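Undergrad: One predicted model, sequence on top.
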Amino acid sequence: MREQIYTIPVNTAFEKSQADKACGCPFCTMQETLQKNELDLITGASMMEPDIRIKTNELGFCKKHYDMMLLMKNRLGIALMLESHLDEVRKKVAAKGLLPMIKGKGNAACEDLKKLEQSCYVCGKIDFHIDKMFECAVYLWSTEEDFRRKTADQPFFCLPHYRRFIEYAKRDMQKKDYEDFYKAVSKIENEYMDTLCEDVSWFCKKFDYRYTDEPWYNSKDAIERATAFLNGRV
């Protein structure tokens, strides 16, 4: 059942990058879709659902997702979430804050604040679903020859998603399948890295007067492609 639920978005993203190499890492595409969906939900009717408000009061949001929500124009909805979230934070700080710190027993307050700095409702939802998509992709590669061909036709995987794809495969695949899988995805990655290194190097050379009259070839967007490869798009 788990694999069936996530089969469509995984196949869709892989087919998109298979058809158009400019789409890049398919897992970045999945993550972007998840992020948009979660932000649409949380700035819509979901923000008033009691079980969701309990979680947003507890977790809050990271700066990136606060900034993205502000661009979505629902300022009243964000203010309502902030009102109850701030109240929750204030209670924690009041209960474990200044007096215990003065007495040298304020570690709990600092630990709570540290957790809050690292928590985000939207990030948590995205992480949950993208984990399932990695599991589904590994399952599809193990069971469907057609998906193996889709994987072989990918332009590249960003490094964070390449690492996670390998980790999930190593955990879930049989040894023989994993060896074949590792060779297949690493071939994609190494070939793309070779090309990317050449493009970035050529971009640098174009700032040398000796190469002024030379064409840019495929290097004009080399910086953007390199950062997307190293860090992912999301």
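TA: That came through fine.

Undergrad: shouldn't F157 be in contact with F165?
TA: Yes. The pair F157 / F165 is scored as a contact, 6.1 Å apart, by CB atoms under 8 Å. Quick note: C-beta positions are derived from backbone N, CA and C, even for glycine.

Undergrad: Quick check: neighbours shared by these two?
TA: Common neighbours of F157 and F165, using CB atoms under 8 Å, 6 or more residues apart in numbering, are F27, V185.

Undergrad: I'd like to know which helix or strand in this structure has the lowest mean pLDDT.
TA: helix 98-102 (a mean of 54; mean pLDDT, DSSP states H and E).

Undergrad: I'd like the next helix or strand past that helix.
TA: helix 107-117 (DSSP states H and E).

Undergrad: what's the helix or strand following that following helix packed up against?
TA: Helices and strands here follow DSSP H and E; after helix 107-117, the next one along the chain is helix 121-143. On a contact count with 3 or more CB pairs under 8 Å, 6 or more residues apart in numbering; DSSP states H and E, helix 121-143 meets helix 2-19, helix 26-42, helix 50-59, helix 63-71, helix 145-152, helix 159-172, helix 175-205.

Undergrad: From T12, how far out is D172?
TA: Separation of D172 from T12 (CB to CB, to the nearest Å) stands at 21 Å.

Undergrad: N57 - how many residues pack around it?
TA: By other CB atoms under 10 Å, 17 other residues sit near N57.

Undergrad: Please read off the pLDDT at it from the model.
TA: For N57, the pLDDT comes out at 94.

Undergrad: K103 now?
TA: 58.

Undergrad: Ok, I130 next?
TA: 97.

Undergrad: That one: how many residues sit nearby?
TA: 19.

Undergrad: And S219, by the same measure?
TA: Neighbour tally, S219, other CB under 10 Å: 19.

Undergrad: Could you grab the helix/strand/coil label for it?
TA: When classified by DSSP: H, G, I helix; E, B strand; the rest coil, S219 comes out as coil.

Undergrad: next one: F207
TA: coil.

Undergrad: Give me the neighbour count for it.
TA: For F207, using other CB under 10 Å, the count is 8.

Undergrad: Also T29?
TA: Count around T29 with other CB under 10 Å applied: 19.

Undergrad: Against M69, how distant is it?
TA: T29 is 22 Å from M69, by CB to CB.

Undergrad: Low-confidence ranges, the chain, go.
TA: In the predicted model, the chain carries pLDDT under 70 at residues 1-3, 95-106.

Undergrad: I'd say I188 and C158 touch.
TA: No. When contacts are counted by CB under 8 Å, I188 is not listed as touching C158 (11.8 Å).

Undergrad: of the two, who's got more company?
TA: Comparing I188 with C158 by other CB under 10 Å, the one with more neighbours is C158, at 23 against 17.
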